[in-house]
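>>> okay, here's the prediction I keep looking at, along with the sequence it came from:
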Amino acid sequence: MGSQGNGLLFQITINKLAKIMLFLPFFGAAFCIIWSIIFDFESSTSTHCRVKNYLPSISSAIGGYTPQRYVWRICIALHCSPRFFITAGYYTFNTQFNVGIRNNIYKFLAGLCAILNSIEILALVVLTNISSIENFSIHENSFITFMVTSECYMLCSCIVFKWGRTSNGRPMTPKEKKSFHYKIALFLFNISCFFIAIYLYLRHNSYCEAGVYSQFAFMEYLVVLSNIAYHWTMCLDFDDYVLGLRKCAESMELTIIKTV
(Lines give C-alpha, C1' and ligand atoms only; values in the text may rest on other atoms or scores of the structure.)
Protein backbone atom coordinates (compact mmCIF):
# COMPACT_ATOMS: atom_id res chain seq x y z
CA MET A 1 0.00 0.00 0.00
CA GLY A 2 1.03 3.60 -0.48
CA SER A 3 3.09 5.29 2.21
CA GLN A 4 3.61 8.99 1.77
CA GLY A 5 5.38 9.37 5.10
CA ASN A 6 8.52 7.66 3.84
CA GLY A 7 8.05 8.54 0.17
CA LEU A 8 7.01 5.04 -0.86
CA LEU A 9 4.26 4.49 -3.41
CA PHE A 10 3.97 0.81 -2.53
CA GLN A 11 5.46 -1.44 0.12
CA ILE A 12 5.29 -5.04 1.28
CA THR A 13 7.08 -6.57 4.24
CA ILE A 14 9.96 -8.87 3.30
CA ASN A 15 8.51 -11.42 5.69
CA LYS A 16 5.23 -11.56 3.76
CA LEU A 17 6.97 -11.46 0.37
CA ALA A 18 9.30 -14.30 1.38
CA LYS A 19 6.43 -16.52 2.52
CA ILE A 20 4.58 -16.00 -0.77
CA MET A 21 7.79 -16.39 -2.79
CA LEU A 22 8.83 -19.64 -1.08
CA PHE A 23 5.33 -21.12 -1.07
CA LEU A 24 5.35 -21.10 -4.89
CA PRO A 25 8.13 -23.71 -5.45
CA PHE A 26 6.80 -25.77 -2.54
CA PHE A 27 3.30 -25.81 -4.03
CA GLY A 28 4.67 -26.41 -7.53
CA ALA A 29 6.80 -29.38 -6.48
CA ALA A 30 4.07 -30.91 -4.30
CA PHE A 31 1.45 -30.52 -7.04
CA CYS A 32 3.69 -32.05 -9.73
CA ILE A 33 4.70 -35.03 -7.59
CA ILE A 34 1.17 -35.80 -6.35
CA TRP A 35 -0.42 -35.30 -9.78
CA SER A 36 2.20 -37.54 -11.41
CA ILE A 37 1.61 -40.30 -8.85
CA ILE A 38 -2.18 -40.15 -9.28
CA PHE A 39 -2.51 -39.65 -13.04
CA ASP A 40 0.83 -40.63 -14.64
CA PHE A 41 2.11 -43.27 -12.24
CA GLU A 42 3.27 -45.94 -14.69
CA SER A 43 5.14 -43.65 -17.07
CA SER A 44 6.53 -41.23 -14.45
CA THR A 45 7.98 -44.03 -12.31
CA SER A 46 9.33 -46.11 -15.19
CA THR A 47 13.09 -46.78 -15.05
CA HIS A 48 15.56 -47.79 -17.75
CA CYS A 49 15.91 -51.30 -16.31
CA ARG A 50 12.19 -51.79 -15.53
CA VAL A 51 12.60 -52.53 -11.80
CA LYS A 52 9.87 -51.65 -9.31
CA ASN A 53 9.74 -47.94 -8.51
CA TYR A 54 7.10 -46.11 -6.52
CA LEU A 55 8.07 -42.43 -6.75
CA PRO A 56 8.76 -40.14 -9.73
CA SER A 57 12.00 -38.21 -9.76
CA ILE A 58 11.80 -34.42 -9.55
CA SER A 59 12.85 -34.09 -13.21
CA SER A 60 10.15 -36.51 -14.33
CA ALA A 61 7.44 -34.90 -12.20
CA ILE A 62 8.10 -31.28 -13.17
CA GLY A 63 9.04 -31.63 -16.82
CA GLY A 64 7.69 -34.82 -18.30
CA TYR A 65 3.95 -34.27 -18.33
CA THR A 66 1.16 -31.71 -18.52
CA PRO A 67 -0.32 -29.91 -16.64
CA GLN A 68 2.58 -30.44 -14.21
CA ARG A 69 5.09 -28.79 -16.54
CA TYR A 70 3.00 -25.63 -16.86
CA VAL A 71 2.23 -25.36 -13.15
CA TRP A 72 5.92 -25.71 -12.26
CA ARG A 73 7.05 -23.17 -14.85
CA ILE A 74 4.48 -20.60 -13.71
CA CYS A 75 5.44 -21.08 -10.06
CA ILE A 76 9.16 -20.69 -10.77
CA ALA A 77 8.62 -17.67 -13.04
CA LEU A 78 6.68 -15.90 -10.27
CA HIS A 79 9.15 -17.07 -7.63
CA CYS A 80 12.45 -16.09 -9.24
CA SER A 81 12.00 -12.38 -10.00
CA PRO A 82 11.67 -11.26 -6.34
CA ARG A 83 14.66 -13.42 -5.40
CA PHE A 84 17.02 -11.19 -7.37
CA PHE A 85 15.88 -8.22 -5.25
CA ILE A 86 16.42 -10.25 -2.08
CA THR A 87 19.89 -11.26 -3.31
CA ALA A 88 20.82 -7.60 -3.77
CA GLY A 89 19.26 -6.83 -0.40
CA TYR A 90 21.38 -9.51 1.29
CA TYR A 91 24.55 -8.01 -0.17
CA THR A 92 23.67 -4.59 1.27
CA PHE A 93 22.51 -6.24 4.49
CA ASN A 94 25.80 -8.14 4.93
CA THR A 95 28.18 -5.35 3.91
CA GLN A 96 26.80 -2.94 6.52
CA PHE A 97 29.21 -4.63 8.93
CA ASN A 98 32.91 -3.73 9.08
CA VAL A 99 34.97 -6.67 10.33
CA GLY A 100 38.24 -4.75 10.60
CA ILE A 101 41.50 -5.51 8.83
CA ARG A 102 39.97 -8.38 6.84
CA ASN A 103 36.99 -6.35 5.68
CA ASN A 104 38.00 -6.64 2.01
CA ILE A 105 37.93 -10.45 2.28
CA TYR A 106 34.58 -10.25 4.06
CA LYS A 107 33.12 -8.02 1.34
CA PHE A 108 34.48 -10.38 -1.32
CA LEU A 109 32.69 -13.32 0.34
CA ALA A 110 29.49 -11.26 0.61
CA GLY A 111 29.76 -10.52 -3.11
CA LEU A 112 30.49 -14.19 -3.83
CA CYS A 113 27.29 -15.11 -1.99
CA ALA A 114 25.33 -12.78 -4.24
CA ILE A 115 26.95 -14.21 -7.39
CA LEU A 116 26.39 -17.83 -6.31
CA ASN A 117 22.77 -17.15 -5.44
CA SER A 118 22.17 -15.40 -8.77
CA ILE A 119 23.69 -18.32 -10.70
CA GLU A 120 21.55 -20.73 -8.65
CA ILE A 121 18.40 -18.82 -9.63
CA LEU A 122 19.38 -18.67 -13.32
CA ALA A 123 20.20 -22.40 -13.36
CA LEU A 124 16.79 -23.11 -11.82
CA VAL A 125 15.12 -21.08 -14.58
CA VAL A 126 17.00 -23.01 -17.29
CA LEU A 127 16.34 -26.50 -15.88
CA THR A 128 12.69 -25.53 -15.39
CA ASN A 129 12.14 -24.36 -18.96
CA ILE A 130 14.24 -27.07 -20.66
CA SER A 131 13.10 -30.47 -19.45
CA SER A 132 15.19 -33.64 -19.52
CA ILE A 133 12.95 -34.92 -22.34
CA GLU A 134 13.52 -31.81 -24.49
CA ASN A 135 17.31 -31.64 -24.03
CA PHE A 136 18.82 -33.98 -21.47
CA SER A 137 22.34 -32.50 -21.65
CA ILE A 138 21.27 -28.90 -20.97
CA HIS A 139 18.84 -30.00 -18.26
CA GLU A 140 21.47 -32.17 -16.57
CA ASN A 141 24.17 -29.47 -16.67
CA SER A 142 21.71 -26.88 -15.36
CA PHE A 143 20.77 -29.20 -12.52
CA ILE A 144 24.43 -29.80 -11.63
CA THR A 145 25.07 -26.04 -11.72
CA PHE A 146 22.02 -25.44 -9.54
CA MET A 147 23.12 -27.97 -6.93
CA VAL A 148 26.79 -26.92 -6.81
CA THR A 149 26.00 -23.21 -6.52
CA SER A 150 23.23 -23.94 -4.02
CA GLU A 151 25.54 -25.88 -1.68
CA CYS A 152 28.37 -23.35 -2.07
CA TYR A 153 25.96 -20.48 -1.41
CA MET A 154 24.64 -22.09 1.77
CA LEU A 155 28.17 -22.65 3.10
CA CYS A 156 29.39 -19.18 2.11
CA SER A 157 26.33 -17.41 3.51
CA CYS A 158 26.72 -19.22 6.86
CA ILE A 159 30.32 -17.99 7.07
CA VAL A 160 29.42 -14.42 6.10
CA PHE A 161 26.41 -14.31 8.42
CA LYS A 162 28.37 -15.31 11.52
CA TRP A 163 31.50 -13.34 10.63
CA GLY A 164 29.65 -10.07 10.16
CA ARG A 165 27.41 -10.44 13.16
CA THR A 166 30.17 -11.39 15.62
CA SER A 167 32.79 -8.93 14.35
CA ASN A 168 34.58 -6.58 16.75
CA GLY A 169 33.21 -8.40 19.79
CA ARG A 170 29.57 -7.81 18.79
CA PRO A 171 27.24 -10.48 20.23
CA MET A 172 24.52 -12.00 18.07
CA THR A 173 20.95 -11.08 18.92
CA PRO A 174 18.59 -13.96 19.84
CA LYS A 175 16.96 -13.68 16.40
CA GLU A 176 20.36 -13.79 14.65
CA LYS A 177 21.38 -16.85 16.68
CA LYS A 178 18.12 -18.57 15.73
CA SER A 179 18.63 -17.77 12.05
CA PHE A 180 22.26 -18.93 12.11
CA HIS A 181 21.43 -22.23 13.84
CA TYR A 182 18.67 -22.90 11.30
CA LYS A 183 21.07 -22.11 8.45
CA ILE A 184 23.73 -24.51 9.74
CA ALA A 185 21.24 -27.32 10.45
CA LEU A 186 19.50 -26.98 7.08
CA PHE A 187 22.78 -26.77 5.17
CA LEU A 188 24.09 -29.96 6.81
CA PHE A 189 20.77 -31.74 6.26
CA ASN A 190 20.60 -30.58 2.63
CA ILE A 191 24.12 -31.62 1.68
CA SER A 192 23.73 -34.96 3.49
CA CYS A 193 20.55 -35.72 1.54
CA PHE A 194 22.28 -34.64 -1.67
CA PHE A 195 25.21 -37.05 -1.19
CA ILE A 196 22.85 -39.88 -0.21
CA ALA A 197 20.84 -39.17 -3.37
CA ILE A 198 24.01 -39.37 -5.50
CA TYR A 199 24.92 -42.70 -3.88
CA LEU A 200 21.43 -44.12 -4.49
CA TYR A 201 21.40 -42.89 -8.09
CA LEU A 202 24.76 -44.54 -8.82
CA ARG A 203 23.67 -47.71 -7.03
CA HIS A 204 20.47 -47.85 -9.08
CA ASN A 205 22.38 -47.44 -12.34
CA SER A 206 24.92 -50.10 -11.33
CA TYR A 207 22.68 -52.79 -9.81
CA CYS A 208 19.05 -51.97 -10.80
CA GLU A 209 17.62 -53.05 -7.44
CA ALA A 210 13.89 -52.71 -6.81
CA GLY A 211 12.96 -49.65 -4.76
CA VAL A 212 16.38 -47.98 -4.84
CA TYR A 213 15.25 -45.37 -7.36
CA SER A 214 12.29 -44.60 -5.07
CA GLN A 215 14.74 -43.91 -2.26
CA PHE A 216 16.70 -41.65 -4.60
CA ALA A 217 13.53 -39.75 -5.54
CA PHE A 218 12.60 -39.32 -1.87
CA MET A 219 16.06 -37.90 -1.13
CA GLU A 220 15.55 -35.49 -4.03
CA TYR A 221 12.33 -34.30 -2.39
CA LEU A 222 14.18 -33.68 0.88
CA VAL A 223 16.90 -31.74 -0.96
CA VAL A 224 14.27 -29.49 -2.54
CA LEU A 225 12.35 -28.97 0.72
CA SER A 226 15.47 -28.20 2.76
CA ASN A 227 16.65 -25.76 0.08
CA ILE A 228 13.33 -23.93 0.33
CA ALA A 229 13.53 -24.02 4.14
CA TYR A 230 17.06 -22.57 4.07
CA HIS A 231 15.88 -19.59 2.04
CA TRP A 232 12.97 -19.23 4.49
CA THR A 233 15.49 -17.96 7.08
CA MET A 234 15.28 -14.61 5.25
CA CYS A 235 12.01 -14.17 7.17
CA LEU A 236 14.12 -13.92 10.33
CA ASP A 237 16.90 -11.86 8.76
CA PHE A 238 14.56 -9.28 7.19
CA ASP A 239 11.82 -9.37 9.80
CA ASP A 240 11.89 -5.56 10.24
CA TYR A 241 12.30 -4.67 6.55
CA VAL A 242 9.97 -3.76 3.69
CA LEU A 243 10.41 -3.84 -0.07
CA GLY A 244 9.13 -0.53 -1.39
CA LEU A 245 8.58 1.27 -4.68
CA ARG A 246 9.77 4.87 -4.53
CA LYS A 247 9.48 7.67 -7.08
CA CYS A 248 12.82 9.37 -7.75
CA ALA A 249 12.78 12.39 -10.08
CA GLU A 250 11.56 10.92 -13.39
CA SER A 251 12.05 7.26 -12.54
CA MET A 252 10.96 4.59 -10.08
CA GLU A 253 13.21 2.45 -7.91
CA LEU A 254 12.73 -0.60 -5.74
CA THR A 255 14.39 -0.37 -2.36
CA ILE A 256 14.64 -2.38 0.86
CA ILE A 257 14.07 -0.27 3.96
CA LYS A 258 14.30 -1.03 7.69
CA THR A 259 11.05 -0.11 9.41
CA VAL A 260 12.22 0.15 13.04
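Sure thing, it's come through. Just so it is clear, the model here is predicted, and its values are computed rather than measured.

>>> quick one: low-confidence ranges for the protein?
1-9, 247-254, 260 (pLDDT under 70).

>>> now the strands for it?
8-13, 241-248, 251-258 (DSSP state E).

>>> wait, residue 150 sits on residue 226?
No: in this structure residue 150 lies outside contact range of residue 226 using CB atoms under 8 Å: 10.2 Å. (Glycine included, C-beta is placed from N, CA and C.)

>>> so for these two, which sits in the more crowded spot?
Each of residue 150 and residue 226 had its neighbours counted (other CB atoms under 10 Å), and the higher figure belongs to residue 150 (25 against 21).

>>> quick revisit: who touches both of residue 150 and residue 226?
Overlap of the contact sets of residue 150 and residue 226 (by CB atoms under 8 Å, 6 or more residues apart in numbering) consists of residue 190.

>>> in this protein, which helix is the longest?
helix 174-207 (DSSP state H).

>>> how about that helix: buried residues?
176, 179-180, 183, 186-187, 189-191, 193-194, 196-197, 200-201, 204 (16 or more other CB atoms under 10 Å).

>>> what of stretch 37-56?
Neighbour counts over stretch 37-56 (16+ other CB under 10 Å) mark 40, 44-45, 47, 51, 53, 55-56 as buried.

>>> ok, those residues vs residue 83, which is closest?
Proximity of the buried residues of stretch 37-56 to residue 83, judged by CB to CB, is greatest for residue 56, which lies at 25.9 Å.

>>> OK, contacts around that closest one?
33, 36-37, 40, 44-45, 64, 217.

>>> re earlier: what's the most distant pair in the buried residues of helix 174-207?
So, the buried residues of helix 174-207 by CB to CB: farthest apart are 176 and 204, at 41.7 Å.

>>> could you find the closest non-adjacent residue to residue 40?
With sequence-adjacent residues excluded and distances taken as CB to CB, 6 or more residues apart in numbering, residue 40 is closest to residue 65, at 4.9 Å.

>>> and if you look at residue 64?
Leaving aside its sequence neighbours, residue 64 sits nearest to residue 133 (CB to CB, 6+ apart; 5.8 Å).

>>> give me the number of residues near that neighbour?
Residue 133: 13 surrounding residues under other CB under 10 Å.
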